[in-house]
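Asker: only geometry, no sequence info:
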C-alpha cells in the first residue's frame, strides 16, 4: 500500500490538462447515475476523491456546471481541446476533489469500495460481493 507521500499524475487525452495528487484517495467509487453514464459515455463512472489540499490542476480548462441525480450541484473541469473531464467538485462531497480514475491510466489503481446508484446500473454489471451497492447517493 502506498503512503501519504504517494504522488500520482493524471491527465486529459491530449496532455494539455494535468492533475497531480499527493497521498491516498479519501474514497474510490463507481457511480451509475444517469448523469455519470451520459457524462462518461459508459455504464458507470469510476472516480477517486482526494482532499482539496492534495490536488493540483494545471493547464487551460473549462467548467461544466450541472446537477447530479441527487439534485446537488456538480462542477466538472475539462480540457477545451480534447474534451476530457479530469476533475470535479460536488456539493454533496465538501472538502474533496474527484478525479476520474481512467485519467491516471494506472491499471493498479485502488479498487472501488462502492457503487452509487446501483438501482440504475446496467443489469449485466456483476460486481464482487465486497463492493457495496447503494441504490442512491
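Answerer: Nice, thanks for sending it over. Quick caveat, the model's predicted, so the values are computed rather than measured.

Asker: in stretch 121-135, what counts as buried?
Answerer: Within stretch 121-135, the residues that qualify as buried are residue 121, counting by 16 or more other CB atoms under 10 Å. C-beta coordinates here come from the backbone N, C-alpha and C atoms, glycine included.

Asker: Can you tell me the closest non-neighbouring residue to the spatially most central residue of the chain?
Answerer: Nearest to the geometric centre of the chain sits residue 47, at 2.6 Å (CA atoms, centre = their mean). Nearest residue to residue 47, sequence neighbours excluded (CB to CB, 6 or more residues apart in numbering): residue 98, at 4.6 Å.

Asker: One more: residue 36?
Answerer: Among residues not flanking residue 36 along the chain, residue 45 sits closest, at 3.8 Å (CB to CB, 6+ apart).

Asker: The one you found reaches residue 100, doesn't it?
Answerer: Yes - in this structure, residue 45 is within contact of residue 100 by CB atoms under 8 Å, at 6.5 Å.

Asker: beta partners of the nearest residue to residue 132 once chain neighbours are set aside?
Answerer: Excluding the flanking residues, the one nearest residue 132 by CB to CB, 6+ apart is residue 114, at 4.0 Å. Residue 114 forms beta bridges with residue 29, residue 132, as assigned by DSSP bridges.

Asker: For the residue nearest to residue 36, give its distance to residue 69.
Answerer: Separation of residue 45 from residue 69 (CB to CB, to the nearest Å): 12 Å.

Asker: Residue 116 now?
Answerer: Distance, residue 116 to residue 69, by CB to CB: 9 Å.

Asker: more crowded one of those two?
Answerer: Taking other CB atoms under 10 Å, residue 116 and residue 69 do not tie; residue 116 has more neighbours (26 against 17).
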